[in-house]
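Asks: just need the structure, nothing else, for what follows:
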Amino acid sequence: MHEAAWGSLATHSTQVPGYPFATILPFALDEQHCPLFLLSSLAEHTKNLVADCRASFLVHSPDGQNVLTAERISIVGDVKPVSPSMDLIARYLRYHPDAEEYLALGDFSFYQLVPERARYVAGFGQMGWLEKSEWSGPGVLPPSDEGELIQELSNVYPGAIRMLGIDCYGFDVERNGKRERQRFPKAPIAVEQIGEVVRRFLAAM
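Replies: Residues are numbered from 1 along each chain as shown. Below you'll find the model as predicted:
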């Protein structure tokens with residue numbers, strides 16, 4: 001999920017009752033790894049969510065050559081409006097800088113997908129369900145602490161790297177215009193150890 005910038009959201013259509021309506025949306029993950037969207041009140045999918053918040057969101061690996069063998073996850077849950085903290089908004093904007101223009105319009109609001117169940121497919125014949133109780137891992141890096149850590153590490157980034165986000169399982173960077181996920185080999189990492197682990201990764205990049 002951290003490797004993808006967008007996914008496909010399926011909502012209950014108000015225009016064609018009884019049928020699903022699918023669309024493509026950019027997203028970022030919050031500290032609990034729940035998808036966060038910035039939606040216009042005029043969009044068809046937003047109107048659908050206001051009427052019925054139940055939805056499904058499909059995310060797949062952007063690197064897969066064969067869509068049938070690529071890593072992917074379908075999340076089933078409720079998508080509801082939220083009022084994120086300034087730190088969480090800053091996190092979203094690091095992943096999607098263009099969204100700052102949408103926020104200035106005043107018509108866009110944040111929505112969060114809270115998973116009920118998720119179907120994960122690692123490849124052909126490798127799949128299973130992830131329950132709501134299993135979603136949140138033991139380690140959570142609050143957005144405020146993440147922002148401070150990114151600021152502290154700003155002087156050790158290689159020149160071509162822009163830090164997007166850090167969590168207990170890895171960190172995301174943009175290098176030469178391309179997004180990359182660096183996974184910690186022994187995740188989740190304790191919050192107090194994340195800074196040192198990221199420094200070692202950056203030194204090796």
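Asks: so where's this protein shaky on pLDDT?
Replies: 64, 137-138, 158 (pLDDT under 70).
Asks: domain boundaries for it, per the record?
Replies: 1-136, 137-205 (automatic domain parsing).
Asks: including mean neighbour count, could those go into CSV?
Replies: Bear in mind the C-beta positions are built from the backbone N, C-alpha and C, glycine included. CSV is the format used below for the domains of the chain (neighbours: other C-beta atoms under 10 Å):
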stretch, mean neighbour count
domain 1-136, 16
domain 137-205, 15
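Asks: doesn't I166 lie inside a helix?
Replies: No - assessed with DSSP: H, G, I helix; E, B strand; the rest coil, I166 is strand; it does not lie in a helix.
Asks: excluding chain neighbours, give the residue nearest to it in space.
Replies: E146 (5.3 Å; C-beta to C-beta, 6 or more residues apart in numbering).
Asks: so what's that neighbour up against?
Replies: With contact taken as C-beta atoms under 8 Å, 6 or more residues apart in numbering, E146 is in contact with E31, D87, R91, G165, I166, D167.
Asks: would you say it is within a helix?
Replies: Yes - counting by three-state DSSP, E146 is located in a helix.
Asks: that one and L68, how far apart?
Replies: In this view, E146 and L68 are 35 Å apart by C-beta to C-beta, to the nearest Å.
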